[in-house]
Every structure is written in structure tokens, then in C-alpha cells.
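**Q** The sequence isn't on hand, but the structure is:
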């Protein structure tokens, strides 16, 4: 939806139901902030997962090197 379409709807609501128009504006603002917050949390989770995967891969590489170099002996 473009801004002029939303503006026309809100202007029409203001003429008929001012309280509803204000509620809709607050709902749109709330949804916008919620969307920003969700995207921020998803980014943080993605970064954390990347760090966990890198750490796991590093551990596997160390274990592989120990086994290949004969320094890891199974008892």
C-alpha cells in the first residue's frame, strides 16, 4: 500500500470516526515498531547461530587434526 492511499482512508475515517482513525494510526505505528523489533531479534539469533556453527566446525577441525596426527588415542 502506498502512503497516499492510506492518507485517503485516514482522512475519510477522521471525518466519520475520529477515534477509530486515531486507533488505526496507533495500530500501524505499533505494527511498524513490532516488525522492526522482530527483524532485530532475528538478526541477533542469526548471528548467534553463526557463532555456534563456527565454534562447532572449529572443534571438529581440531579433533580431526588430533586424530590424523595420532595424538588422539582411543582407550
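**A** Received the coordinates, thanks. Because the structure is a prediction, the values reported are computed rather than measured.
**Q** Look at residue 12 and give its secondary structure.
**A** Using DSSP: H, G, I helix; E, B strand; the rest coil, the three-state assignment for residue 12 comes out as helix.
**Q** Next, count neighbours for it.
**A** 11 (other CB atoms under 10 Å). Every C-beta, even on glycine, is put in place using the N, C-alpha and C of the backbone.
**Q** State the distance from it to residue 25.
**A** 13 Å (CB to CB, to the nearest Å).
**Q** Quick one: the helices in this protein, in order.
**A** For the chain, applying DSSP state H gives helices covering 3-16, 18-68.
**Q** looking at the ones you listed, which has the lowest confidence?
**A** If you rank the helices of the chain by mean pLDDT, helix 3-16 sits at the bottom with a mean of 77.
**Q** If you count neighbours, what's buried in that helix?
**A** Residues of helix 3-16 classed as buried: 10, 13 (neighbour count, 16 or more other CB atoms under 10 Å).
**Q** list the helices and strands it packs on?
**A** For helix 3-16, the contact count by 3 or more CB pairs under 8 Å, 6 or more residues apart in numbering; DSSP states H and E identifies helix 18-68 as packing neighbours.
**Q** what about the helix it packs on, distance to the chain center?
**A** Relative to the mean C-alpha coordinate of its chain, helix 18-68 is positioned 4 Å out (CA atoms, centre = their mean, to the nearest Å).
**Q** Stretch 5-22 too?
**A** For stretch 5-22, the distance to the chain centre is 31 Å (CA atoms, centre = their mean).
**Q** What lies in contact with it?
**A** 24-25, 28 (CB atoms under 8 Å, 6 or more residues apart in numbering).
**Q** Tell me the most packed of those, by neighbour count.
**A** Within the contacts of stretch 5-22, neighbour counts (other CB under 10 Å) peak at residue 24, which reaches 16 neighbours.
**Q** residues contacting it?
**A** Taking CB under 8 Å, 6+ apart, we find residue 24 in contact with 10, 13.
**Q** Return the distance of it relative to residue 36.
**A** If you measure residue 24 against residue 36 using CB to CB, the figure is 19 Å.
**Q** Quick check: phi and psi at residue 17.
**A** The phi and psi torsions at residue 17 (degrees, to the nearest 10) take the values phi -130, psi 90.
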